[in-house]
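1. Got a sequence here, can you build the structure:
(chains A and B, ligands or ions: 2)
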Amino acid sequence: MKPFDILIVGAGIVGSAVARECALLGWRVGVIEGGTPAGGATAAGMGHVVVMDDSPAQLALTAFSRSLWQRDSEKLPKSVEFENRGTIWVAADEEEMAEVHLRHKVYEEAGIEARVLTAAELADKEPNLRRGLTGGLLVPGDGVVYPPAAAGFYLAEARRLGAQVFLARAMSASQGQVLLRDGVNLVAERIVLAVGTECDLLPSLPIQKRKGHLVVTDRYPGFLHHQLVELGYLKSAHKVTGDSVAFNIQPRQTGQLLLGSSRQYGNEGPEVEAEILRRMIDRAHGYMPGLEQLSVLRVWTGFRAATADKLPLIGPAAGFSEDRSLWLAAGFEGLGITNAPGAARLLMDAMLGRESAIDASPYLPARLMEPARLAHV
Amino acid sequence: MTTTEVLVIGAGPAGIAAATAAAENGCAVIVLDDNVAAGGQIWREATVGEAASAHRGHGRKWRALERLRRSGAQVLGGRCVFSAEASGTVQTSHETSSGTLVEQFHFEQLILATGARERFLPFPGWTLPGVFGAGGLQALVKGGFPVGGKRVVVAGTGPLLLAVAAHLAQDSAVVSSVVEQASLGQLARFAASLWEHPAKLAQGVLYRAMLWKTSYRIGCWVVEAIAGSNGHNLSAVRVTDGTRVWTEPCDLLASGYHLVPNTEIAALLGCKFRGTFVQVDKAQRTSLPNVFCAGEPTGIAGLEAAMVQGEIAGLACAGISTTLLQKRVAAERAFGESMEKAFALRKELRSVPRPDTIVCRCEDVTFGSLHGYTGWTDVKLQTRCGMGPCQGRICGPVVEFLLGWSPVSIRQPLFPVPLQAFCFQDESVEIATTNEPIEEKA
Ligand SMILES: Cc1cc2nc3c(=O)[nH]c(=O)nc-3n(C[C@H](O)[C@H](O)[C@H](O)COP(=O)(O)OP(=O)(O)OC[C@H]3O[C@@H](n4cnc5c(N)ncnc54)[C@H](O)[C@@H]3O)c2cc1C
Ligand SMILES: Cc1cc2nc3c(=O)[nH]c(=O)nc-3n(C[C@H](O)[C@H](O)[C@H](O)COP(=O)(O)OP(=O)(O)OC[C@H]3O[C@@H](n4cnc5c(N)ncnc54)[C@H](O)[C@@H]3O)c2cc1C
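-> Ligands and ions are numbered 1, 2, ... in the order given. Now for the predicted structure:
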C-alpha cells in the first residue's frame, strides 16, 4: 500500500477531529480504529462544551476550542445536537458566592462573557433548583453536543476528503509503521496516537484511568434549561486521589436529562457501583429535589484519561519515545469533547511549524518529563 | 431487605414448577413476577380451549398453582426486577397506590424463569392505530378490550397465531384470515413431528376447528398496512405470497413473528450464552454456579419444556438428583428445535420495510437510516436506535433480523425506574407519585 502522510490511531472525537484537519490540508490520511468509531470515552461522556479555568492553560485551550465549536456550529449536522445552552455554576453558600465573583473576574479578563446571578435570578432561570441557593455564575457561550455524532461528523468529513478508515486494532506503532491485528502493515511519515485511555502502544504514556458514572432519564422537556454544575465541582475535579461526586446536570435536545458526575481512580472495571451512584444521586437531589421522581432509562460508566497536571498531551512524543514519527493527542480527562477541535488545530500547527492561536507549550507532552515539574505535582 | 435461600424470577409455568420443587424439598423460596398474579403468559387468564379440552389446561394451571401454594413458596407479584448482581442481590420496583416501592432481595441461589416476548417485525404502516402485536392484542382482549364484530387479520409466524386467532374468534371477532409466513413444506414437516407430542397436536386441531370460517394462508406475509380515507386508521392490509400481492380489508391487524427470549437479567449477571439463549447444563445451571435458568430463555420450546426444566432447576437448588427428568427435557428440546426450523423467518421479510419505515419507535429511527454502519454499537451511537425507554427490547431483535447485529450492552435499570430507586440503603424506599407537590412531601 502507498505510504500515508499521516496515520491516526483511534477514532474517538480527538482522532476524528485530527483526521478532518489533516484531510482538509489535502494529506493522505489513514485512521485506525480497533473498536467502534466513537465507541470509547466519546460514547460515554456528557458533551458539555465548557470553558474551565482550572489553570490559565486550561482556560486558554477550552476558550479557543469553544470558539471553534461556535464557528462550526452552522455546519454541524442536526444529529450533533449542538445547542448554546450556557452553563450556570451554582453557589450554595456565601463562600461559594465569593468564588463566583472571583471566577467572574477571571472570565472577564479572558474576554469570556459571564454574568453573576442573584438567588432570585437563579431561581427564575432554573425553577426546579431547590430554594435557598445563594446564586450562580452564568456563562452563556457554553454549549452542549451529542459527542458520538460530532465524532461521526468529523470522521465522515475526513472520509469525504479521501481519508481511509481501517477497522482493526493497531498492535504496534513505531518508526512510521503501524501493524494491524489483521496483519496489514501501514506506512506513513507521521503517526498520531489518539488512543484515549489505552496505552499499550506506548506504555510510558503518563495516563491514568479515571472512572465516571452517568445517568440518563426519560424525556422531560422544559424541566431544565442550562447545564448546571455545582461550584464544588472544581474541587472534585481537582482532587488527584480519592473518589468524589459532584452535581452536574445537562439538558439534552431530546428533553432528556444527563446526570453526572463521579470521579474515581483505582477501579478499572466498567461495572456500575451502587455506592458511588447513590452518593451521586444524593448529591444531585440536594440541589434538585424533583429529580427523584424522574424515570431513569440507563446508567453507565466511562473512563477519562487523566494526567498529573490535568492538561492534555498534544504534540511530538519526544520525552516518552525516541521515535520522531510519533505524535500524541491524548490525556483529555473530562474535557476531550470540548477540546477536540482546538487540540486538532494545535497539533497541525506543530506539524507544519505554523504559529498557533494560543501558546501550545503547556500541552507539549515533554513537560511531564521535567523532573522539577514532576516533583511539583 | 429480604433474604431467601432460593429466589425465582418469573412466575410462569417454569418459575412455578421451579419454586414448587425447591420449596417442597425444604428450601425457603421467594418468587418475583411483574404481573400481579402468578401464571406467566399462558396462564395469565383463562386460556382459550380450556373448557373444551375437558379441563385439561385449566386443571393443570389450577393444580400447579395449588401445589405452589401448599409448597410454602412465597409469591410476590407486581415486582419488576430492574437490577441484579451475581453476588446475590436483586432489586425490584413495585407500583403501589402511594408511589413506587423499591425492594432489595438477597439470595443464595437464583432461578431465572423470565419467559419470552413476542418478536415484532416492521412493515410500512405498522404504526397506524389498529395494528397490534398478536400477543399484545390477546392480552388486551383478556383485559376487556372489545373486538366483537371487528374484522381481524392475524399475521406473522408461529404456533401463537392460531392461539390468538382462536381467542379473538371466541370473543366474537371476525377473523378473516390467518397469514403465516412459513412455507407449506416447513409446516408439513413440523406437523408430522407433532405425532410424537399428541397433546400439542390436539390443541392445534382444536384451534383449527374453532377457526373453520377463517382462511389460513400459508407461505404468505403482510407487506403493508393501509390507512382508511381519514388517513388515521387501519382499513386494509396488503398481503403477498411472493408472486402476487392482494388487499384484505380489516379493522385490526394482529402481527407477531414468534418469540424472543427474555435474557436481559442473565446478560446483566454475566451468564454465558449459546447464541441468543442462556447456556445451561443438564441441571439447568448457567455458567454462574449459583444461577439457574429454566423455560424460554434457554430455548423456545413451549409449556412442557418450561415445566420440566423448572422442576429440574428447583430440585437442583435443593440438592436433589434430576437424572430421571432430564430425558423429558431432551424430548421437549427436540420439539423446540423442530418448531424453530418450521417457523424460521424467510429472507423476503428483510425487504418488507421501506426506507421511511420506523424501526425504533422510541427514537423514531427509520430503516433507511440504519445503513452504512459497522455493527449494533455503531448504529446505536450514530442513530440513537435502541436508546429509548425500551432500551432495544423491541427494536433489538428487529435489527438483528434485518441487519444481523445483536445488541451487546445490557445495563441497569432493565426497565425505567425513578431516579430515587438507586438511592437504596438496605431498606425499602417509598417514592411519591409524580403529581404530588414536592414541598408537601417532606
Ligand atoms: C463520565 C464522563 C463525562 C464526561 N463529560 C465530558 C464533558 O461534559 N465535556 C467534555 O468536553 N468531555 C467530557 N468527558 C471527556 C471526554 O469524553 C473524553 O475526553 C473524550 O471523549 C476523549 O476522546 P478521545 O478521542 O481522546 O478518546 P476515545 O473516545 O476513548 O477514543 C480513543 C479511541 O482509540 C481507540 N484505540 C485505542 N487504542 C487503539 C489501538 N491500539 N488500535 C486501534 N484503536 C485504538 C479506541 O478504541 C477508541 O475508540 C467525559 C468523560 C467521561 C468518562
Ligand atoms: C405474548 C405471548 C402469548 C403467548 N400465548 C400463548 C398461548 O396462547 N398458548 C400457548 O401455548 N403458549 C403461549 N405463549 C407461550 C408460553 O408462554 C410459553 O410456551 C410458556 O408458558 C413459557 O413459560 P415460562 O415460565 O418460561 O415463561 P412465561 O410464562 O413467559 O413467564 C415468565 C414470567 O416472568 C416474568 N418476568 C420476566 N422478566 C421479569 C422481570 N425483569 N421482573 C419480574 N418478572 C419478570 C414475566 O412477566 C412472566 O410472568 C405465549 C407467549 C407470549 C410471549
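
2. Any chance you could list what contacts stretch B:397-414?
-> Residues from elsewhere that reach stretch B:397-414 (C-beta atoms under 8 Å, 6 or more residues apart in numbering or on different chains): A:272, A:296-300, B:81-83, B:119-122, B:260, B:264-265, B:267-268, B:276, B:345, B:349-350, B:353, B:359, B:367, B:370, B:375-377, B:379-380, B:385-386, B:391-392, B:396, B:421. (Glycine included, C-beta is placed from N, CA and C.)

3. mind listing the helices for the stretch 201-350 of chain A?
-> With helices called from DSSP state H, counting those that start in this stretch, the stretch 201-350 of chain A shows them at A:232-238, A:274-287, A:336-352.

4. Look up the residues forming beta bridges with the spatially most central residue of chain B.
-> Nearest to the geometric centre of chain B sits residue B:117, at 1.8 Å (C-alpha atoms, centre = their mean). According to DSSP bridges, the residues that bridge with residue B:117 are residue B:260.

5. Tell me, how many residues neighbour the closest residue to residue A:278 other than its chain neighbours?
-> Closest residue in space to residue A:278, ignoring its immediate chain neighbours: residue B:423 at 5.2 Å, by C-beta to C-beta, 6 or more residues apart in numbering or on different chains. Residue B:423 has 19 neighbours, counted by other C-beta atoms under 10 Å in any protein chain shown.

6. What is the least confident helix or strand in chain A?
-> helix A:371-376 (a mean of 45; mean pLDDT, DSSP states H and E).

7. from what I can see residue A:163 touches residue A:26, true?
-> No - between residue A:163 and residue A:26 there is no contact under C-beta atoms under 8 Å: 11.1 Å.

8. Looking at those two, which one has more neighbours?
-> residue A:163 (23 against 10).

9. Tell me how far the residue nearest to the more buried one when sequence neighbours are not counted lies from residue A:352.
-> Spatial nearest neighbour of residue A:163, chain neighbours left out: residue A:29 (3.9 Å); criterion: C-beta to C-beta, 6+ apart. Look at residue A:29 and residue A:352: by C-beta to C-beta, to the nearest Å, they are 15 Å apart.

10. out of these two, which sits in the more crowded spot?
-> Neighbours were counted for residue A:29 and for residue A:352 using other C-beta under 10 Å; residue A:29 has more, 27 against 9.

11. Tell me how chain A divides into domains.
-> Listed domain ranges for chain A are A:4-45+A:147-206+A:309-376, A:84-142+A:208-306 (source: automatic domain parsing).

12. Out of those, which one sits most buried?
-> Comparing those by mean neighbour count (mean count of other C-beta atoms under 10 Å in any protein chain shown), domain A:4-45+A:147-206+A:309-376 ranks first with a mean of 21.

13. quick one: that domain to chain centroid distance?
-> Mean-position distance between domain A:4-45+A:147-206+A:309-376 and its chain equals 14 Å (C-alpha atoms, centre = their mean, to the nearest Å).

14. do the same with stretch B:117-129
-> The answer for stretch B:117-129 is 16 Å, by C-alpha atoms, centre = their mean.

15. Check whether it comes into contact with ligand 2.
-> Yes - interface with ligand 2: stretch B:117-129 contributes B:117, B:118 (C-beta under 6 Å from any ligand atom).

16. Just the mean pLDDT for that stretch, thanks.
-> Average pLDDT, stretch B:117-129: 96.

17. Same question for stretch B:276-294.
-> 97.

18. Can you list the residue ranges for strands in the stretch 1-150 of chain B?
-> Along the stretch 1-150 of chain B, counting by DSSP state E, counting those that start in this stretch, strands occupy B:2-9, B:29-32, B:74-76, B:79-85, B:89-96, B:99-112, B:116-118, B:131-133.

19. With the stretch 201-350 of chain B instead?
-> Using DSSP E, counting those that start in this stretch, strands in the stretch 201-350 of chain B cover B:215-218, B:221-227, B:234-240, B:245-249, B:252-257, B:259-261, B:273-274, B:277-278, B:291-293.

20. most packed of the ones you listed?
-> Note that of these, strand B:291-293 is the most buried (mean count of other C-beta under 10 Å), with a mean of 30.

21. burial of the closest residue to chain A within the stretch 101-250 of chain B, as a residue count?
-> When scored by C-beta to the nearest C-beta, the stretch 101-250 of chain B has residue B:104 as its residue closest to chain A, at 9.9 Å. For residue B:104, the count of nearby residues is 19 (other C-beta under 10 Å).
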